[in-house]
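J.: just coords:
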């Protein structure tokens, strides 16, 4: 235990510590009992608000400025210019590109952007269909939002555009309010309004630095949620594949399967299925190749575009649309029209629109954050979550004004972007420009594109969303986590997307509660010759100290929910110990002492304090002296305030080792108690 | 650190520990990494179920039997007899009285019982009125339930009967379903049905050992709830005091005050108010005297009975009932009639009845447990919560069959019982018999009792329910606890009893969540010459170790809700530390090391593990080596399973001291890293 105060590299030293260091113990107990008060409730609240509101960069610049010794006036002007530049760069990270951006980087970005576009165009049309919108809206959403994100976002790899899960979410939530078939104009207005709300919520979260709220969807819950959503999306594609006319508007598994079964009685068109399935097989094979050999990633990237081109040609040449193959038909030409006038704020729908916007905002953010963070960590840089949210928010706000619906980062397209060697956000700009060109000039080519192909393209993207390996891993690691995963999965499949989400969040938080208030007590014993103590189940070699029961409270909060439980268990442990000791004659004269190790207890509430006092009274009635070891800052502060420390005659020690030493020392001084265990 | 393995009283010893105890460290790390697996999810679940289902006494008897070496057949017969007797005694604790019960105890119990009865009779009639039942039902409820409880319950001081809060609760919940004025028979049936449900729930909780559920109402919440209920009850008494005819059926403050204001226009009867207020003053003075001088407690105990007798005489003599004083009128004579036929199980009301029964059960149990436990702890004995619940449950079940409504322990009457010197549950039996005698022979005497007196008696009992000192104490101790208290208070006052309860429980649990997932990191430093480390804000004398950042994770769960936060903060702390070090030239060549102290982290989920791995990767990229210190059993188990321990090259130590020693030793061996802090 003897290190020099300067704490330099000391390899060998004779220890000056002696066991009967009552003086040392007195000193550490002194430190413990006379430490400054912990921050009060208001101080903590103020600190949390301050930290949330003032971004780190400002504090850093401020600190850096303080360190500078002298400044001249020209230096000051330069520093103001620099400060403004830094501020602009932090708001628009694209400005940071200037310096290090070379021609080779630009070439990589162009290639990546074109690859992205080839994947985006077919996917966007398919996802727009999933969201029950006309095909061009998907293309709009791949055109404007990426541009806005490129200006404001900080992830270099993320690919922005419509995604399957959000498209499904929107259609499932909004078709209850406005029927997309009967009232397409009203439905569209609702979608834009919801997109606006989603953008406002996202930007709001970012500006108020409430980013941590998104973290409340645990990893396990997301895995389950995505898997459930993927299955739902796949089932929705059956409509396109089988060319079913009267499809259910509900999204849960049972209704969809019912619809499919019922459609068996309707006339069906084998050509659709043949076309769809053959290209589906082609896409899956291409995907498989792309995963097996990293260098052939572009195969899986351009496969969708090739499928679209080939299938359009086939239908055009064979006029298969007259034989039952459903085609896309007219895709409106031209760039994004302004949609400000289409935003609706009726009192009847605005509440529901806001709620849907909130849910869409959270799902979109969760996906974007997950994507952005994982690729950033591969490349080794950091993303400021709150700033990303602001970027996403503005992207969706402006999108809602330009006929786009909720866009976010897509994992599969980001992976393509990454493999294609993107260097910066410029790849998104290139993709956006390509999509705009397609909108302007090439929409007519999509007339004969069969719907079945779009269904296949979406279906081929789904296996990526269902991560069975991860689910198994979660099962092996943490059963309660898996329960959250399962809850999300089943909730989404059998009820609705929102319910699945709520269930997952509920289970995740119930788990936290359970772990925090699980009343657990363990008896600890000395490990070897050290001053460390451990649970004898974990360390079978630990040795019992005669005459002293060392009880460790194994939960982080001693509060109303577990206080009486813990008191009963401590009493039980002490009584059992007492009974065991009774058998051994040698210890009959030795008085009993109890050390309560509170090293895990982070905080204690009024119920907890009441219970500690009751425990002390009961043990004292039985002639057992109580010692408290390793109380945390807040705990010792509260115990001092309620004068509990006085009542236990100041028997509080900084570590269990010191507490046990003190008990051993006292053991000879205390008289033997009358063994009346009052029950 | 040198204690002998036998760990006897060692006062002075030369320590054999040397700082460069790499061998010792290797040994403890070995223990840590090769400890047996912690109990799995299923094992813990099985243990919890086993513990809940099998009562302790059985395990004790079983263990005791195991210890007995030899048994003969007569011994066996005797032990079976003893076991049966023990079982019966545990189910009916009254049987334990036999041995030590003397004549003096009996005398005390009779005195206490009579004192109790004198207080119970007027209070019961008043509370029956509060529950919107005829007066005799209050007397019924003071007659049968105490008898049942006396047979089965284990608290010696508790006084059973109707209480104000439960009476209010019943009337407020049930008058919405059946109007007590328009349909008194239906209302009564509903009350009995709800009482039956309440009894079933209570017995169920006890039998399934779900007693801890009652603990979910924190002490602070109960203080607020009781205060709010007391104010509501007081306002209800305005009807009796002011003799208002058309009183609102709602219970919240606003409606009641509106009613009072509106009644100002009706003809009013000053005699009622004069009578009521004068006796109220008398009762309050008597109460004050009783509290100030412990010996004069009987003054406050018999004051209600005296008020009833005096006021009845006054009204009888002056025939004040012809001058507007409302009187009790007919109180039905005779003992409890059987009410089995009155129980109703209509499909329309049974759901609501069950829900009301559950709420009443919880409130009644909470009060009874609080009362029973506090007096038991004064006298120094233990109460088995689950058994108490079974007793209460049966008491209410049988009560519902004999025209009683929900009864529980009353704090004020229990205090009277205690001060009157009760020795056992016989005081309850004496009280019950006295009430039965009153029911049989003396109900005619209550004809002229003014309602205003009953209102005064109830009002005089209310100050005991409003504990402002306790609320202030909670405010000073724990602001969030106070928020729960306030939430319960305001919820009950301005909305409804159930809502106030739910709000309080919600706030209490939100508080647990907040504390558990509050992402806090602290930098710790060495305390003096010891191997203990502490936060420098708490221990200003702590000393920094050069070249090593020691970071302690200050939350009990590293999970999805705080994992990214914690990662960011650790990175930030390390970077700030790094910047500080940059200034000092001497440490430029010393490589950076980080020790992560996980002594507080009770458990970690998949998100937490992901974050630890990301942290490790990022720090390694910066040339910083990571060491883990004091991981808990579940945590190290999970880290081993995900091979994280291998990735950090086994740098896991049982204590921070050992981790720091190891870092100091390695400091000379590692090469200087290139200082590229990648952001």
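T.: Great, that's in hand. In this text, all values refer to a predicted model and were calculated from it rather than measured experimentally.
J.: same for the helix or strand where residue A:138 lies, what does it pack against?
T.: Taking DSSP states H and E as the criterion, residue A:138 maps to helix A:135-141. The criterion is 3 or more Cβ pairs under 8 Å, 6 or more residues apart in numbering or on different chains; DSSP states H and E, and the helices and strands that helix A:135-141 contacts are helix A:103-130. Heads up, the C-betas are built off the backbone N, CA and C, glycines and all.
J.: buried set for the helix it packs on?
T.: Neighbour counts using 16 or more other Cβ atoms under 10 Å in any protein chain shown place A:105, A:108-130 of helix A:103-130 among the buried residues.
J.: what mean pLDDT does that helix get?
T.: Averaging the model's pLDDT scores along helix A:103-130 yields 90.
J.: how distant is that helix from the center of its chain?
T.: 27 Å (Cα atoms, centre = their mean, to the nearest Å).
J.: ok, stretch A:421-439 next?
T.: 29 Å.
J.: for it, buried residues please.
T.: By neighbour count, with 16+ other Cβ under 10 Å as the criterion, the buried positions of stretch A:421-439 are A:422-432, A:434-436, A:438-439.
J.: could you list which of those also contact chain B?
T.: Among the buried residues of stretch A:421-439, none lies close to chain B by the criterion of Cβ under 8 Å from any Cβ of the partner chain.
J.: could you tell me how far the helix holding residue A:138 lies from the centre of the chain?
T.: Using Cα atoms, centre = their mean, the mean C-alpha position of helix A:135-141 is found 29 Å from that of the whole chain.
J.: what does stretch A:455-474 give?
T.: 19 Å.
J.: sorry, back to before: following element in sequence after the helix holding residue A:138, please.
T.: Next helix or strand after helix A:135-141 toward the C-terminus (DSSP H and E): helix A:144-152.
J.: show me what that following helix packs onto, helices and strands only.
T.: Secondary-structure packing of helix A:144-152 (3+ Cβ pairs under 8 Å, 6+ apart): strand A:160-161, helix A:385-401, helix A:426-437.
J.: buried sites along the longest one?
T.: Within helix A:385-401, the residues that qualify as buried by neighbour count (16+ other Cβ under 10 Å) are A:385-401.
J.: elements contacting the helix or strand following it?
T.: Scanning forward in sequence from helix A:385-401 by DSSP H and E, the next helix or strand is strand A:408-409. Here strand A:408-409 is seen to pack against helix A:347-379 when contacts are counted using 3+ Cβ pairs under 8 Å, 6+ apart.
J.: in stretch A:194-205, what's buried?
T.: A:194-203, A:205.
J.: hmm, back to that, could I get the helices and strands packed on helix A:144-152 as TSV with mean pLDDT?
T.: Rendered in TSV, the data for the helices and strands packed on helix A:144-152 read as follows (pLDDT from 0 to 100):
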stretch	mean pLDDT
strand A:160-161	94
helix A:385-401	93
helix A:426-437	94
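J.: taking the stretch 151-300 of chain A, what residue is nearest to chain B?
T.: The shortest separation between the stretch 151-300 of chain A and chain B is 3.4 Å, found at residue A:218 (distances taken as Cβ to the nearest Cβ).
J.: residues in contact with residue A:154?
T.: Remark: with contacts taken as Cβ atoms under 8 Å, 6 or more residues apart in numbering or on different chains, residue A:154 is in contact with A:93, A:383-384, A:387-388, A:391.
J.: how far does the helix or strand encompassing residue A:611 sit from the chain's center?
T.: Here residue A:611, judged by DSSP H and E, is contained in helix A:606-621. In this view, helix A:606-621 has its centroid 40 Å away from the chain centroid, taken as Cα atoms, centre = their mean.
J.: which residue ranges of the stretch 451-600 of chain A form helices?
T.: Assignment of helices within the stretch 451-600 of chain A using DSSP state H, counting those that start in this stretch yields the ranges A:451-461, A:468-477, A:479-494, A:497-517, A:563-583.
J.: of the ones you listed, which approaches residue B:295 most closely?
T.: For the helices of the stretch 451-600 of chain A, proximity to residue B:295 was assessed by Cβ to Cβ; helix A:563-583 is nearest, at 33.4 Å.
J.: is chain B contacted by that closest one?
T.: Yes: judged by Cβ under 8 Å from any Cβ, helix A:563-583 comes into contact with chain B through A:563-565, A:571-572.
J.: neighbouring contacts of that helix?
T.: Contacts of helix A:563-583 from elsewhere in the structure, counted by Cβ under 8 Å, 6+ apart, are A:519, A:521, A:523, A:546-547, A:549, A:551, A:553, A:555, A:558, A:587-588, A:592, A:594, A:596, A:607-608, A:610-611, A:614-615, A:618-619, A:624, A:675, A:677, B:56, B:212, B:215, B:373, B:382, B:385.
J.: buried residues, that helix. List them.
T.: By 16+ other Cβ under 10 Å, the buried positions in helix A:563-583 come out as A:563-571, A:573-574, A:577, A:581.
J.: report pLDDT for residue A:198.
T.: On pLDDT, residue A:198 comes in at 96.
J.: my understanding was that it contacts residue A:364; is that so?
T.: Yes: with contacts defined as Cβ atoms under 8 Å, residue A:198 counts as touching residue A:364 at a distance of 6.6 Å.
J.: quickly list what's touching both of the two.
T.: When contacts are counted by Cβ under 8 Å, 6+ apart, the set common to residue A:198 and residue A:364 consists of A:396, A:406.
J.: who's in contact with residue A:373?
T.: The contact partners of residue A:373, taken as Cβ under 8 Å, 6+ apart, are A:383, A:385, B:564.
J.: hang on, residue A:110 packs against residue A:429?
T.: No: the pair formed by residue A:110 and residue A:429 falls short of the contact definition of Cβ under 8 Å, at 9.9 Å.
J.: what is the burial count for the residue lying closest to residue A:115 once chain neighbours are set aside?
T.: Of all residues beyond its chain neighbours, the one nearest residue A:115 is residue A:420 (4.4 Å), with distances taken as Cβ to Cβ, 6 or more residues apart in numbering or on different chains. Counted by other Cβ atoms under 10 Å in any protein chain shown, the residues lying close to residue A:420 total 21.
J.: any idea how far residue A:420 is from chain B?
T.: When distances are taken as Cβ to the nearest Cβ, to the nearest Å, residue A:420 and chain B turn out to be 24 Å apart.
J.: ok, that residue - contacts?
T.: Residues A:108, A:111-112, A:115-116, A:297-298, A:301, A:427 are the ones in contact with residue A:420 under the rule Cβ under 8 Å, 6+ apart.
J.: what about 10 Å?
T.: With contacts defined as Cβ atoms under 10 Å, 6 or more residues apart in numbering or on different chains, residue A:420 is in contact with A:108-109, A:111-116, A:119, A:159, A:297-298, A:301, A:427.
J.: then residue A:215?
T.: Residue A:215 neighbours (Cβ under 10 Å, 6+ apart): A:366, A:369, A:385, B:517, B:519, B:559-565, B:607.
J.: of those, closest to residue B:325?
T.: Within the contacts of residue A:215, the smallest distance to residue B:325 is 60.8 Å, found for residue B:517 (Cβ to Cβ).
J.: count the neighbours of residue A:132 for me.
T.: Applying the criterion other Cβ under 10 Å, we find 23 residues in the vicinity of residue A:132.
J.: same question but for residue A:559, I mixed them up
T.: Residues lying near residue A:559 (other Cβ under 10 Å) number 29.
J.: excluding its backbone neighbours, what's nearest it?
T.: The nearest residue in space to residue A:559 (Cβ to Cβ, 6+ apart) is residue A:605, at 4.5 Å.
J.: touching, that neighbour and residue B:507? I think so.
T.: No: with contact defined as Cβ atoms under 10 Å, residue A:605 does not count as touching residue B:507 (11.9 Å).
J.: hey, what's in contact with both of the two?
T.: Here residue A:605 and residue B:507 have B:218, B:220, B:480-481, B:484 as joint contacts, going by Cβ under 10 Å, 6+ apart.
J.: among those residues, which are within reach of chain A?
T.: Residues of these in contact with chain A (Cβ under 10 Å from any Cβ of the partner chain): B:218, B:220, B:480-481, B:484.
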